[in-house]
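Trainee: quick one, what's the 3D model for this:
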Amino acid sequence: MEEVIEMPDGITYLSTLSGGLDSALITYLIMKLKPNSKMVLSSFCLQHQQNHNFDTVKKIMNYLDYTFPFRIIDHRIGFVRDIEHAKNGGRSKQTRELLQQYDIHGIISGFTINPPELMIEGRDETRDAPREWRSINQHGIYHYQPFVNRDKRYIAELYQQYQLQELADLTVSCEAEQPPRPCKKCWWCKEKHWAFGFY
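Mentor: Residues are numbered from 1 along each chain as shown. You can find the predicted model right below:
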């Protein structure tokens, strides 16, 4: 939480709201702990997964908007073919458009580090190493990742500390391409269960 406390208040943040636990929590915490700040939300739906997170990100946005009225300026939802399309231009194009449209001074993401003992198929090894939680991105704007050196159990502790079970219930962490979701088999499902005790 020290990282979040260090972040400035009184600015407009761009949050990459995926529909998962981490991005929902960091967006909530910034809106709660930085009461003079505004928020622009940027989400993506994956067509190869039948845009399954569309309803999820809308529900999270509605929860945040109800909890913090008049603080969300915009919620932009983009549609991409798959993860590769998102990585190779889809996300950056939408980010550029939002940065041009709004006076944004910080981008926030909810990335976490991998669990130390959860060695299963599908582990993204790039999340094993510690990283800088605050950096200047290619747009010359601070990119904040306050949880980048914390694992999912730390996230679970914060959900409990702030009594956010209702928000947690709205999130979906599963990356299965076909229903049912949660699939209880993919990396993200197993990581969530490791930390929270439920899928």
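
Trainee: just for this structure, where's the confidence low?
Mentor: Scanning the chain with the threshold set as pLDDT under 70 gives 47-52, 81-91, 118-122.

Trainee: all helices for it, in order.
Mentor: Using DSSP state H, the helices found in the chain span residues 2-6, 21-33, 54-67, 83-85, 91-101, 152-161, 165-170, 187-196.

Trainee: dump those helices into a markdown table; add mean neighbour count and distance to residue 127 as well.
Mentor: C-beta coordinates here come from the backbone N, C-alpha and C atoms, glycine included. What follows is the helices of the chain, written out as a markdown table (neighbours: other CB atoms under 10 Å; distance: least, CB to CB, whole Å):
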| stretch | mean neighbour count | distance to residue 127 |
| --- | --- | --- |
| helix 2-6 | 12 | 17 |
| helix 21-33 | 22 | 11 |
| helix 54-67 | 18 | 22 |
| helix 83-85 | 14 | 15 |
| helix 91-101 | 15 | 18 |
| helix 152-161 | 16 | 11 |
| helix 165-170 | 14 | 21 |
| helix 187-196 | 20 | 10 |
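
Trainee: can you redo the ones you listed as JSON lines with distance to residue 179?
Mentor: Converted to JSON lines, the helices of the chain look like this (distance: least, CB to CB, whole Å):
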{"stretch": "helix 2-6", "distance to residue 179": "35"}
{"stretch": "helix 21-33", "distance to residue 179": "20"}
{"stretch": "helix 54-67", "distance to residue 179": "13"}
{"stretch": "helix 83-85", "distance to residue 179": "18"}
{"stretch": "helix 91-101", "distance to residue 179": "25"}
{"stretch": "helix 152-161", "distance to residue 179": "24"}
{"stretch": "helix 165-170", "distance to residue 179": "18"}
{"stretch": "helix 187-196", "distance to residue 179": "13"}
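
Trainee: nearest to residue 144, of those helices?
Mentor: Nearest to residue 144, of all those, is helix 2-6, at 7.4 Å by CB to CB.

Trainee: tell me the helices and strands packed up against that closest one.
Mentor: Applying 3 or more CB pairs under 8 Å, 6 or more residues apart in numbering; DSSP states H and E, one finds that helix 2-6 contacts helix 21-33.

Trainee: ok, the residue nearest the centre of the chain to residue 17 distance?
Mentor: The centre of the chain sits closest to residue 23, judged by CA atoms, centre = their mean, with a distance of 2.0 Å. As for residue 23, its distance to residue 17 is 5 Å (criterion: CB to CB, to the nearest Å).

Trainee: about what we covered before: pretty sure the residue nearest to the centre of the chain contacts residue 16?
Mentor: Yes - if you go by CB atoms under 8 Å, residue 23 and residue 16 touch, sitting 6.1 Å apart.

Trainee: shared neighbours of these two, anything?
Mentor: 109, 110 (CB atoms under 8 Å, 6 or more residues apart in numbering).
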